[in-house]
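1. Please find the sequence and the predicted model below.
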Amino acid sequence: MIGAGVGGLAASIDLARRGVEVTLVERAETVGGKLRSLAPRGRPIDAGPTVFTLHHVFESLFADAGSRLEDHLKLVPADLLARHVWRHSSKVLDLHANAQRSMEAIGEFAGAPAARGFGEFLDRAGALHQSLRQPFMMAPRPSAAGLMRELGFAGMLAMWRTPPWLTLWAALGSHFRDPRLRQLFARYSTYVGSSPLQAPATLMLIAHVEQCGVWLVEGGMRRVAEALATLARHCGASIRLGTGARRIEVRDSRVIGVQLHDGNFIPADSVIFNGDTQALADGLLGSEVRIAVKTRARTDRALSAVTWCIDAPTQGFDLAHHNVFFGDDYPREFSDIFERRRITDRPTIYLCAQDRGEASAPLQTGESERLLILVNAPADGDQRGVTDDELPPLQRRVFDQLAANGLYVSRERADCVVTRPQDFERLFPATGGSLYGSANHGAFASFARPNSRTRIRGLYLAGGSAHPGPGVPMATLSGRLAAAALLRDLD
């Protein structure tokens, strides 16, 4: 097993509990992959995914291994999903776990027609999720033809109403006439690193996922990876940290083992690669495995980001745990990134205030708090990224934009760690800094992701760049699908 992200950890659990001898190697000193944390002042700050959803995916993984999720993680249901702010609006809009409360908040924010539109939007999202969950998300090798066969009458009706060639941006226009609401729900495309102008309308099913529950993890999201690693070891898997894979050895078109950077060789009948699939195509794991997957064009990469992990006092704005400060022009923001390969002048800013929310004690006035601040960026970290000359003016624009919305961050008293696309490229080679693999652009982009099996016997794939896609729950499912495929082949 190569790579101790959640996909590799989940696969290790499923294989080890079935009696398979599992060795998981990871070049970093910690498990988690993109589930990482930084500590500029000694206190860990989530520096990757910040949202825990699809609780049942993890509950099932732990239960199948004879354990209980609640014995490993303390999860607190979030009542307030996110706080949303617009620069030219005096109103703040909160979305809640309770759909009725969200509908009432939207009615107060934008009027009764907008509230009705939200209700219709949720119904549509729920129907899509119900239709696609089994025949796509849980399927080991989904195809457009297979999906059509499996949908059934109700599923066909949902897909007829929301065909894959309809973009998310276009579909939202039929529910929300207020441009702010259209902008808000278009954010769902960024959850998979894509532009709402090109992503399929089926991504609105993410709204249903959020309504099924969002949780805050006590101790931060890194605890999820730590809990998975503990369970994997309990099941019998060996996890070797600080040990990178140099190449996957192949003989007669079949995997025979993994050569490590420290010179050691681990013989193996099968290997699950839990990294970005482009690393295989680029030959970073050896020339013999380049044919395992199709190469990804640079223009097909999903979003990267610039992030600031900062521990500092704030004032002037009542932060929630998840906050979104919207830019002025959403279509231009994504055209700038995907067409002109630059960060727009006034980008949308996501801010996770880790010490706010149901899982946290109230902050005292002037007390420092842990923040992750993020803006989307093109995944060009292997070419130029965000240069040293470009970073200071970008930073000024971001913090000035927060101040224009009433949030003042006392940076002069703070320590801050900035991560740019080129830094993400170093952390996750062959990605250009993309955090989600391929962009989900076009009617059938979801079917273009590689499945668990590759063209090389004994080599399998897991992680966010493989099916069923990015995000902590989906990457976890990818690991389980890879383990299941491997076990079927062993049988």
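-> That came through fine.

2. Just the pLDDT at the residue of the chain positioned farthest from its centre, thanks.
-> For the chain, the largest distance from the centre (Cα atoms, centre = their mean) belongs to residue 252, which lies 36.4 Å off. pLDDT, residue 252: 94.

3. how is the protein carved up into domains?
-> Domains of the chain are assigned by automatic domain parsing as 6-76+218-297+442-490, 98-212, 299-427.

4. end-to-end on the second one?
-> With Cα to Cα, to the nearest Å as the measure, domain 98-212 spans 10 Å from end to end.

5. Could you tell me how far it lies from the centre of the chain?
-> 18 Å (Cα atoms, centre = their mean, to the nearest Å).

6. low-scoring pLDDT stretches of this structure, where are they?
-> Applying pLDDT under 70 to the chain flags the ranges 132-164, 359, 413-414, 446-447.

7. Can you give me the buried ones in the longest helix along it?
-> Once the chain is assigned using DSSP state H, the helix that runs over the most residues is helix 112-132. Using 16 or more other Cβ atoms under 10 Å as the test for burial, helix 112-132 gives 114-115, 117-118, 121-122, 124-129, 131-132. All C-beta spots, glycine's among them, are computed from the backbone N, C-alpha and C.

8. and of the domains of the chain, who's closest to residue 85?
-> Closest approach to residue 85 among the domains of the chain (Cβ to Cβ): domain 299-427, 4.9 Å.

9. thought residue 261 was touching residue 247?
-> No - counting by Cβ atoms under 8 Å, residue 261 stays clear of residue 247, with 9.5 Å between them.

10. what about the two, which has more around it?
-> residue 247 (18 against 13; other Cβ atoms under 10 Å).

11. Which residue lies closest in space to that one, excluding its sequence neighbours?
-> Spatial nearest neighbour of residue 247, excluding adjacent residues (Cβ to Cβ, 6 or more residues apart in numbering): residue 286 at 3.6 Å.

12. Near that neighbour, how many other residues are there?
-> When neighbours are counted by other Cβ under 10 Å, residue 286 registers 16.

13. if I pick it, what's in contact with it?
-> Neighbouring residues of residue 286 by Cβ atoms under 8 Å, 6 or more residues apart in numbering: 246, 247, 248, 249, 250, 259.

14. how near is it to residue 99?
-> The gap separating residue 286 from residue 99 is 50 Å, by Cβ to Cβ, to the nearest Å.

15. Repeat that for residue 439.
-> Taking Cβ to Cβ, one finds residue 439 at 30 Å from residue 99.

16. neighbour-wise, which of those two wins?
-> Between residue 439 and residue 99, residue 439 has the larger neighbour count (other Cβ under 10 Å), namely 23 against 17.

17. need the contact list for the more buried one.
-> 193, 194, 195, 198, 199, 300, 301, 302, 303, 338, 445.

18. CSV for the residues you listed, including neighbour count?
-> Listed next are the contacts of residue 439 as CSV, based on neighbours: other Cβ atoms under 10 Å:
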residue, neighbour count
193, 26
194, 26
195, 26
198, 17
199, 27
300, 18
301, 27
302, 29
303, 23
338, 22
445, 19
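
19. wait, which of these is closest to residue 40?
-> Nearest to residue 40 among the contacts of residue 439, with distances taken as Cβ to Cβ, is residue 303, at 23.9 Å.

20. The closest one against residue 375, yeah?
-> No - using Cβ under 8 Å, residue 303 is not in contact with residue 375, being 10.1 Å away.

21. ok, residue 351 - contacts?
-> 319, 323, 324, 325, 371, 372, 373, 374, 402, 407.

22. what are the ranges of the strands in the stretch 51-200 of the chain?
-> 52-53, 75-77, 80-86, 92-96 (DSSP state E, counting those that start in this stretch).

23. any chance of these in TSV, with mean neighbour count too?
-> Shown next, in TSV, are the strands of the stretch 51-200 of the chain (neighbours: other Cβ under 10 Å):
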stretch	mean neighbour count
strand 52-53	20
strand 75-77	15
strand 80-86	21
strand 92-96	19
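
24. Which among those is found nearest to residue 229?
-> Residue 229 sits nearest to strand 52-53 of all the strands of the stretch 51-200 of the chain, at 16.7 Å, using Cβ to Cβ.

25. Quick one: residues contacting residue 385.
-> 420, 421, 422, 423, 425, 433.

26. Show me which pair in those residues is furthest apart.
-> Farthest pair in these, by Cβ to Cβ: 420 and 425, 9.1 Å.

27. Now the common contact residues for those two.
-> 381, 385, 433.

28. what's near enough to touch the first one?
-> Okay, so that is residue 381. Contacts for residue 381 (Cβ under 8 Å, 6+ apart) come out as 304, 420, 421, 422, 423, 424, 425, 426, 431, 432, 433.

29. Tell me, how many residues neighbour the first one?
-> By other Cβ under 10 Å, 30 other residues sit near residue 304.

30. Quick check on it: phi, psi?
-> Main-chain torsions, residue 304, degrees, to the nearest 10: phi -110, psi -160.

31. now swap in the fourth one and tell me
-> In this entry, residue 422 is assigned phi and psi values of phi -70, psi -30 (degrees, to the nearest 10).

32. Touching, it and residue 388? I think so.
-> No - using Cβ under 8 Å, residue 422 makes no contact with residue 388, being 10.5 Å away.

33. ok, those two, which is more surrounded?
-> Remark: of residue 422 and residue 388, residue 422 carries more neighbours, 19 against 8, as counted by other Cβ under 10 Å.

34. so the closest residue to the more buried one other than its chain neighbours is in which element?
-> Using Cβ to Cβ, 6+ apart and skipping residues adjacent in sequence, the residue nearest residue 422 is residue 385, 3.4 Å away. Counting by DSSP states H and E, there is no helix or strand that carries residue 385.

35. Let me have the contacts of residue 439 in TSV, adding distance to residue 461 as columns.
-> Shown next, in TSV, are those (distance: Cβ to Cβ, whole Å):
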residue	distance to residue 461
193	18
194	20
195	25
198	25
199	23
300	17
301	17
302	17
303	21
338	25
445	17
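
36. if we can go back for a sec, just checking, what packs against the longest helix of the chain?
-> Packed against helix 112-132 by the contact rule (3 or more Cβ pairs under 8 Å, 6 or more residues apart in numbering; DSSP states H and E) you find helix 99-110, helix 144-161, helix 179-186, helix 205-211.

37. now it against helix 99-110, angle please.
-> 140 degrees (axes from the mean of the first three to the mean of the last three Cα atoms, to 10 degrees).

38. Let me know the secondary structure of residue 373.
-> strand (DSSP: H, G, I helix; E, B strand; the rest coil).

39. What's the separation between it and residue 216?
-> 18 Å.

40. these two touch, right, residue 247 and residue 260?
-> No - applying Cβ under 8 Å, one finds residue 247 not in contact with residue 260, separated by 9.1 Å.

41. returning to that earlier point: determine which of the strands of the stretch 51-200 of the chain approaches residue 222 most closely.
-> Nearest to residue 222, of all the strands of the stretch 51-200 of the chain, is strand 52-53, at 11.6 Å by Cβ to Cβ.

42. Now do that closest one: everything it contacts.
-> 75, 209-210, 212-217, 221, 224, 471-473.

43. Out of those, who's the most crowded?
-> residue 472 (27 neighbours).

44. What sits closest to that residue if chain neighbours are left out?
-> Nearest to residue 472 is residue 49, by Cβ to Cβ, 6+ apart, at 5.1 Å.

45. measure the one you found to residue 224 for me?
-> 9 Å.
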